[in-house]
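Colleague: Give me the fold of what follows.
(2 chains)
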There are 2 protein chains.
Amino acid sequence: MSLRPGDEVAIVLPAAQLPEAEAGLLEDAARVLEGWGLSVAMRAERTHHFYLAGTDAARAAHLNEVMAEPAVRAVFAARGGYGGMRLLRHLDPGLGHVEKFLVGFSDVTALHLVAARLWPRVRAVHAPNIAARHFLGPEPEAERNRAALRAALFDPGYEVDEPVAFLREGRAEGPLAGGCLSLLAAMMGSGFVPDTDGSIFFLEDVREAPYRIDRMLVQLRNAGLFENVAGVVFGEMRECADGINDLREIIADVLADGSFPVAFGLPAGHGPRNIALPLGGRAALDSVSGRFRLG
Amino acid sequence: MSLRPGDEVAIVLPAAQLPEAEAGLLEDAARVLEGWGLSVAMRAERTHHFYLAGTDAARAAHLNEVMAEPAVRAVFAARGGYGGMRLLRHLDPGLGHVEKFLVGFSDVTALHLVAARLWPRVRAVHAPNIAARHFLGPEPEAERNRAALRAALFDPGYEVDEPVAFLREGRAEGPLAGGCLSLLAAMMGSGFVPDTDGSIFFLEDVREAPYRIDRMLVQLRNAGLFENVAGVVFGEMRECADGINDLREIIADVLADGSFPVAFGLPAGHGPRNIALPLGGRAALDSVSGRFRLG
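Modeller: Numbering: from 1, shown residues only, chains lettered A, B, ... in the order given. I've put the predicted structure just below:
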């Protein structure tokens, strides 16, 4: 599946509300998509419910509506933050026949996990939430993020080929799974757990102390998510250092039992570069070439 | 089951290591227990493995040893921190025949959950980790914490009767379950999940932003842990405010679907008072009297 100019898409706010000072970014995001030739419907409210962009019922209604609409070929999360996992019981399980992209990251990982179980024809794309500076800004990295997402959506030949460092060497390939570690951990127990068997399991996070990264990885380990992975690749782990403990040593320690390759440093997640990663796409890790490839 | 003077007990460090400057608190804790007439074995190492008090294998070996020893009638965690849930695959499931207390809180919640499934005759007591100032200090609150734990262990008639505030009114009673919210959330997916059906579910935490408290409660909700509770009581929620959102409103929102009473303000958890709560004990909430009772 690829987008074509003229296609309809929608922008939603399934989790946090934007700060008042950044409200204009919603329109900026719509303009970027219109610049790609897309016809954009805004399905986001300016109301607050605590830090959320409206009540759970209201946010879920928007999401269900655009997921159900066959003409909508892609749904973009404007922001993450927190709140997607509050929607679980409001989401319509009967939307599995509608093929479309669901684009976002961070809190949107919760919705990617839901889609993988409830909506099998939805293609999850791990990419910037679009009403944010790292997608809209003038910086070269933001420009690359825009170009990567556009290519991931429009170009059937979209590929990723990036250098990564290896904590444990090896070669592996499999479908790409994963997302934000905090959200993966927070979804444990919900039933919406990723199928990591045979996969390249991608993980990233931001502002979590090393013992918390440890705890979340151990949680996934205790749930068996590393038992049959083909390989693990970490993206940005921004502001996760504490100046005392070496995060890479901790990760190696938690994953010491396996023999799968473990890589570090993919420019995806909460950093200036956040390349588009179509989940479910064919991914490969190779410590000889020192690269991650996708597509 | 109650302790008697002359009984053997053990002190362990199943999770974090003490800072060097506080190493003497281990001996201080032993002296308090000896003052109660107990014979104390120290099963804690001064080694470091990151922030942990030794490797997982070493910490688990100490814990398995004292849990297996019939003469040891109580096992006290000296400290929490983080690390109990790393021990899961090292713990001996064949210790269910040995009756004893397992005392601690915070990270020790993970071990309480394990005990409830693996070691059915172990009595979990939610009470201070003993090598800490809120148990050892000269403050009146610490003195009360010591007196409460001593009574919980030695006095078969131990009772708790404390005023609490009600977010939702009602009367309920049932066995007490629960512990530290962060650890309950982090144990989801492990299989060691508390049985909250018909229970008074106790939750406390420290230094977690409101959206994180929200996220963890939603995680437990998504796992069905609030579906059949008799009531919910929050203990200390220390440094969990952000100055913007009202934590009680958020809690009420997450638990809005139920009709069970929800209380707030039990002096247990990460505050100066941390009263001993024998888990599994008969607990009651009553919004007419405005009280929590146990025993």
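Colleague: what are the ranges of the helices in the stretch 1-150 of chain A?
Modeller: Listed in chain order, the helices of the stretch 1-150 of chain A (DSSP state H, counting those that start in this stretch) span residues A:25-35, A:56-68, A:109-118, A:133-136, A:140-154.
Colleague: tell me the angle the last one makes with helix A:25-35.
Modeller: Here helix A:140-154 points in a direction 50 degrees away from that of helix A:25-35 (axes from the mean of the first three to the mean of the last three Cα atoms, to 10 degrees).
Colleague: contact partners of helix A:140-154?
Modeller: With Cβ atoms under 8 Å, 6 or more residues apart in numbering or on different chains as the test, helix A:140-154 has contacts from A:2-4, A:32, A:36, A:74, A:101, A:103, A:125, A:127-128, A:133-136, A:158, A:160, A:272-278. All C-beta spots, glycine's among them, are computed from the backbone N, C-alpha and C.
Colleague: Would you indicate which residues of that helix are buried?
Modeller: When burial is assessed from 16 or more other Cβ atoms under 10 Å in any protein chain shown, helix A:140-154 yields the following buried residues: A:E141, A:A142, A:N145, A:R146, A:A148, A:L149, A:R150, A:A151, A:A152, A:L153, A:F154.
Colleague: Any chance of JSON lines for those residues, columns pLDDT and distance to B:G258?
Modeller: Output for the buried residues of helix A:140-154, formatted as JSON lines (pLDDT from 0 to 100; distance: Cβ to Cβ, whole Å):
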{"residue": "A:E141", "pLDDT": "97", "distance to B:G258": "46"}
{"residue": "A:A142", "pLDDT": "98", "distance to B:G258": "45"}
{"residue": "A:N145", "pLDDT": "98", "distance to B:G258": "43"}
{"residue": "A:R146", "pLDDT": "98", "distance to B:G258": "45"}
{"residue": "A:A148", "pLDDT": "98", "distance to B:G258": "45"}
{"residue": "A:L149", "pLDDT": "98", "distance to B:G258": "41"}
{"residue": "A:R150", "pLDDT": "98", "distance to B:G258": "46"}
{"residue": "A:A151", "pLDDT": "98", "distance to B:G258": "47"}
{"residue": "A:A152", "pLDDT": "98", "distance to B:G258": "42"}
{"residue": "A:L153", "pLDDT": "98", "distance to B:G258": "42"}
{"residue": "A:F154", "pLDDT": "98", "distance to B:G258": "47"}
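Colleague: picking that back up, and among the helices of the stretch 1-150 of chain A, the most buried is which?
Modeller: Ranked by mean neighbour count, the helices of the stretch 1-150 of chain A are led by helix A:109-118 with a mean of 25 (mean count of other Cβ atoms under 10 Å in any protein chain shown).
Colleague: Which secondary structure elements does that helix sit against?
Modeller: Using 3 or more Cβ pairs under 8 Å, 6 or more residues apart in numbering or on different chains; DSSP states H and E as the contact criterion, the secondary-structure elements in contact with helix A:109-118 are strand A:100-104, strand A:122-126, strand A:171-180, helix A:181-186.
Colleague: model confidence over it, on average?
Modeller: If you average the pLDDT over helix A:109-118, you get 96.
Colleague: Taking strand A:100-104 as reference, get the angle to it.
Modeller: Helix A:109-118 and strand A:100-104 meet at an angle of 160 degrees, taking the same axes, to 10 degrees as the criterion.
Colleague: who's in contact with helix A:109-118?
Modeller: For helix A:109-118, the surrounding residues in contact (Cβ under 8 Å, 6+ apart) are A:14, A:63, A:77, A:84-85, A:87-88, A:91, A:93, A:95-96, A:102, A:104, A:122, A:124, A:126, A:178-180, A:183-184, A:186-187, A:190-195, A:279.
Colleague: rerun that using 7 Å as the cut-off
Modeller: For helix A:109-118, the external contacting residues (Cβ atoms under 7 Å, 6 or more residues apart in numbering or on different chains) are A:14, A:84-85, A:88, A:91, A:93, A:96, A:102, A:122, A:124, A:179-180, A:183-184, A:187, A:192, A:194, A:279.
Colleague: CA atoms of that helix as PDB?
Modeller: The C-alpha atoms that make up helix A:109-118 are tabulated as PDB, following Å, rounded to 0.1, in the frame of the first residue of the first chain:
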ATOM      1  CA  THR A 109       3.000   2.800  20.400                       C
ATOM      2  CA  ALA A 110      -0.100   1.900  22.500                       C
ATOM      3  CA  LEU A 111      -2.300   2.400  19.400                       C
ATOM      4  CA  HIS A 112       0.100   0.500  17.200                       C
ATOM      5  CA  LEU A 113      -0.200  -2.500  19.600                       C
ATOM      6  CA  VAL A 114      -4.000  -2.200  19.500                       C
ATOM      7  CA  ALA A 115      -4.000  -2.000  15.700                       C
ATOM      8  CA  ALA A 116      -1.800  -5.100  15.400                       C
ATOM      9  CA  ARG A 117      -4.500  -7.100  17.300                       C
ATOM     10  CA  LEU A 118      -7.800  -5.400  16.400                       C
END
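Colleague: orientation of that helix relative to strand A:122-126 in degrees?
Modeller: Using the same axes, to 10 degrees, helix A:109-118 lies at 160 degrees relative to strand A:122-126.
Colleague: Just give me how far helix A:109-118 sits from the chain centre.
Modeller: In this view, helix A:109-118 has its centroid 10 Å away from the chain centroid, taken as Cα atoms, centre = their mean, to the nearest Å.
Colleague: hmm, back to that, can I get the helices and strands packed on helix A:109-118 in CSV with mean neighbour count and mean pLDDT?
Modeller: Output for these, formatted as CSV (neighbours: other Cβ atoms under 10 Å in any protein chain shown; pLDDT from 0 to 100):
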stretch, mean neighbour count, mean pLDDT
strand A:100-104, 25, 98
strand A:122-126, 24, 97
strand A:171-180, 23, 98
helix A:181-186, 26, 98
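Colleague: Quickly note the distance from the residue lying closest to A:S190 once chain neighbours are set aside to B:A230.
Modeller: Spatial nearest neighbour of A:S190, excluding adjacent residues (Cβ to Cβ, 6 or more residues apart in numbering or on different chains): B:N222 at 3.9 Å. Applying Cβ to Cβ, to the nearest Å, the value for B:N222 to B:A230 is 20 Å.
Colleague: From the chain's centroid, how far away is the strand or helix carrying A:R212?
Modeller: A:R212 is part of helix A:210-222, with elements assigned from DSSP states H and E. In terms of Cα atoms, centre = their mean, the centre of helix A:210-222 is found 19 Å from the chain centre.
Colleague: and the next helix or strand after it, what other elements does it pack with?
Modeller: Where DSSP H and E defines the elements, the next helix or strand beyond helix A:210-222 is strand A:231-238. Using 3 or more Cβ pairs under 7 Å, 6 or more residues apart in numbering or on different chains; DSSP states H and E as the contact criterion, the secondary-structure elements in contact with strand A:231-238 are strand A:200-206, strand A:262-264.
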